[in-house]
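K.L.:
A predicted structure for the sequence below; I have some questions about it.
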2 protein chains.
Amino acid sequence: MLYLIGLGLGDVKDITVKGMEIIKKCSRVYLEAYTSILTVGKEALEEFYGRELILADREMVEQEAEEILKDADVADVAFLVVGDPFGATTHSDLVLRAVKAGISYRVIHNASIMNAVGCCGLQLYNFGETVSVVFWTDTWKPESFYDKIKRNRLNGMHTLCLLDIKVKEQSVENLIKGRKIYEPPRYMSVNQASEQLLEIIQNRRGQSEELAISEDTICVGLSRVGAEDQKILAGPLKEMASAELGGPLHSMIISGHLHPLEIDMLKLFAVSEASFENLKMTDSSTFTS
Amino acid sequence: MLYLIGLGLGDVKDITVKGMEIIKKCSRVYLEAYTSILTVGKEALEEFYGRELILADREMVEQEAEEILKDADVADVAFLVVGDPFGATTHSDLVLRAVKAGISYRVIHNASIMNAVGCCGLQLYNFGETVSVVFWTDTWKPESFYDKIKRNRLNGMHTLCLLDIKVKEQSVENLIKGRKIYEPPRYMSVNQASEQLLEIIQNRRGQSEELAISEDTICVGLSRVGAEDQKILAGPLKEMASAELGGPLHSMIISGHLHPLEIDMLKLFAVSEASFENLKMTDSSTFTS
């Protein structure tokens, strides 16, 4: 049996009792290590489970899936994923390979950023399409996520923005020379995402496009959701560019139509009270339904 | 401290290790009992936690919140919620009351139906607004959820349909006579939701409206997600009207644009293989992006 087990979002103790029991009985336990991170590392997990974990990076999962699935028809193998196995990153490919090889599988669910963001008080059923915000380079500045946010806003929907994670990246030089030397991991902050969004707004304004977002649109910045030191800040986009949320991982929400109860919740996390007092005047589109 | 603790979706062992530890140290532990159910009852939970639970029905949470929050500034109180505390039903109101009373709170997240539906292989970031499908009566047949599904479909998005739950309902007679006698709980099945949707399609067709959904639109029926005996079936809407998914809780997804990998996953759960073979011909809008 192949078990895909969600670890939740915070630390070692966010695994479910069921997940924990399964890990203890499996022959091999892999830890998926390229799409997200916990606030603790592999060693802390190993100590808590009382067993060794095999780190599975993207290369391994994509190119050596047979290795992970080896003997899983007769033995139990666990594949641990931060969050939920079918959350922000899905592991459909591994499941399909397992089924093709005649291996049964089971999913042990957990919280993922896709549902835990509800803790800021914005209601999950009012979210539209989720977008990914990637790191811009000097020559590549994709704006497609703005158009998706715009579409959500026009429909009154909130938008969850998943912020870029760069793990095991090679510099161009190392890539050309074939050296497997990797750059330190990079995690996009809410500040960076806000700055990119503000730049897009400026560009579009130059093109006299009708804007669906402004500097005053209410946004929510979240960091380390589910961890002891999680932080949530709510305020206009312009304030998010300098909001202090601390270490990774960060996520961001661009609000759509706000229900009074949602506004009351967001006020608990307001960067400044003033930004919510003038809500109606500064951002009328917030009240589109 | 007020702890809002998610129990996950399946049975007693779907709570997190952290949630379990907190329950053990709290002075009082409430179990929210009106928005969802686990496959096990209060007694099984009490036995597993080794302590008594106080059942909190809607009336209590809405009218006697002070009772729940009593002394929570000096003692620890836990409020258990099936799924995640900010999943399909949010408990913002309780949080706001706590904060107003100077009581700190903490959320222990878990899987909710809002993210666990990813197990069918449809990618969570491609979902639009979530809709609720309510039980129709002879005189009240709201169709508003159809319009939301339509909007999602036109944008290529999938739609998660949360199906109605009726708990502690009184018959008109008992209501008038002021008798606190309650009807047995009712949980909407995928069959019932499909029939309502098919009826709406018929009505709209009569009005010569361009349809966003047809009898051939690929849907997914899910029951008891996260439990040992969970069941997933995928196929055209017309087949969902008779798909056998067993006991509650049921959820349903109306697909939007399907990515090839999503189709491969859905095929694992196909009611009949034929329905996916002719996918392109029978439901061209499925491929709108």
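P.N.:
Thanks, I have the structure now. Nothing here was measured: the structure is a model prediction, and the numbers come from that model.
K.L.:
where along the stretch 1-150 of chain A do the helices fall?
P.N.:
A:17-25, A:42-49, A:58-63, A:65-69, A:92-100, A:113-116, A:144-154 (DSSP state H, counting those that start in this stretch).
K.L.:
residue contacts, A:Leu80?
P.N.:
A:Leu80 sits next to A:5, A:7, A:23, A:29-32, A:45, A:53 when contact means Cβ atoms under 8 Å, 6 or more residues apart in numbering or on different chains. For the C-beta atoms, the positions are set from N, CA and C on the backbone; glycine is no exception.
K.L.:
try 10 Å
P.N.:
A:Leu80 sits next to A:3-7, A:15, A:19, A:23, A:26, A:29-33, A:45, A:49, A:53-54, A:56, A:108 when contact means Cβ atoms under 10 Å, 6 or more residues apart in numbering or on different chains.
K.L.:
now a PyMOL select for only the buried ones of the residues you listed.
P.N.:
Typed into PyMOL, the line below selects the buried ones among the contacts of A:Leu80, using 16 or more other Cβ atoms under 10 Å in any protein chain shown:
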select buried, chain A and resi 3+4+5+6+7+15+19+23+26+29+30+31+32+33+45+49+53+54+56+108
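K.L.:
so which of the helices of the stretch 1-150 of chain A is nearest B:Ala270?
P.N.:
Of all the helices of the stretch 1-150 of chain A, helix A:92-100 sits nearest to B:Ala270, with 12.5 Å by Cβ to Cβ.
K.L.:
on that earlier part again, redo the helices of the stretch 1-150 of chain A as CSV? Include distance to A:Gln207 and mean pLDDT.
P.N.:
As requested, these are arranged in CSV below (distance: least, Cβ to Cβ, whole Å; pLDDT from 0 to 100):
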stretch, distance to A:Gln207, mean pLDDT
helix A:17-25, 50, 97
helix A:42-49, 48, 94
helix A:58-63, 37, 81
helix A:65-69, 45, 93
helix A:92-100, 38, 95
helix A:113-116, 33, 96
helix A:144-154, 12, 95
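K.L.:
dump the ones you listed into JSON lines; add distance to chain B as well.
P.N.:
JSON lines is the format used below for those (distance: least, Cβ to the nearest Cβ, whole Å):
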{"stretch": "helix A:17-25", "distance to chain B": "4"}
{"stretch": "helix A:42-49", "distance to chain B": "9"}
{"stretch": "helix A:58-63", "distance to chain B": "13"}
{"stretch": "helix A:65-69", "distance to chain B": "14"}
{"stretch": "helix A:92-100", "distance to chain B": "5"}
{"stretch": "helix A:113-116", "distance to chain B": "4"}
{"stretch": "helix A:144-154", "distance to chain B": "6"}
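K.L.:
related to what we said a few turns ago, which of the contacts of A:Leu80 fall in strands?
P.N.:
A:3-6, A:29-32, A:54, A:56, A:108 (DSSP state E).
K.L.:
okay, now the domains of chain A?
P.N.:
A:2-111, A:114-287 (automatic domain parsing).
K.L.:
and the residue most central in space within chain A, what are its bridge partners?
P.N.:
By Cα atoms, centre = their mean, chain A has its centre lying nearest to A:Leu162, at 4.5 Å. Beta-bridge pairing of A:Leu162 under DSSP bridges involves A:Ser132, A:Ser251.
K.L.:
which regions of chain A sit below the pLDDT cut-off?
P.N.:
Within chain A, the ranges that satisfy pLDDT under 70 run A:34-36, A:278-289.
K.L.:
closest one to chain B out of the ones in strands among the contacts of A:Leu80, please.
P.N.:
Nearest to chain B, judged by Cβ to the nearest Cβ, of these is A:Gly6 at 6.9 Å.
K.L.:
so what's the closest one closest to, chain neighbours aside?
P.N.:
A:Asn110 (3.0 Å; Cβ to Cβ, 6 or more residues apart in numbering or on different chains).
K.L.:
name the residues of stretch A:211-231 that are buried.
P.N.:
The neighbour-count check on stretch A:211-231 (16+ other Cβ under 10 Å) flags A:211-227, A:230-231 as buried.
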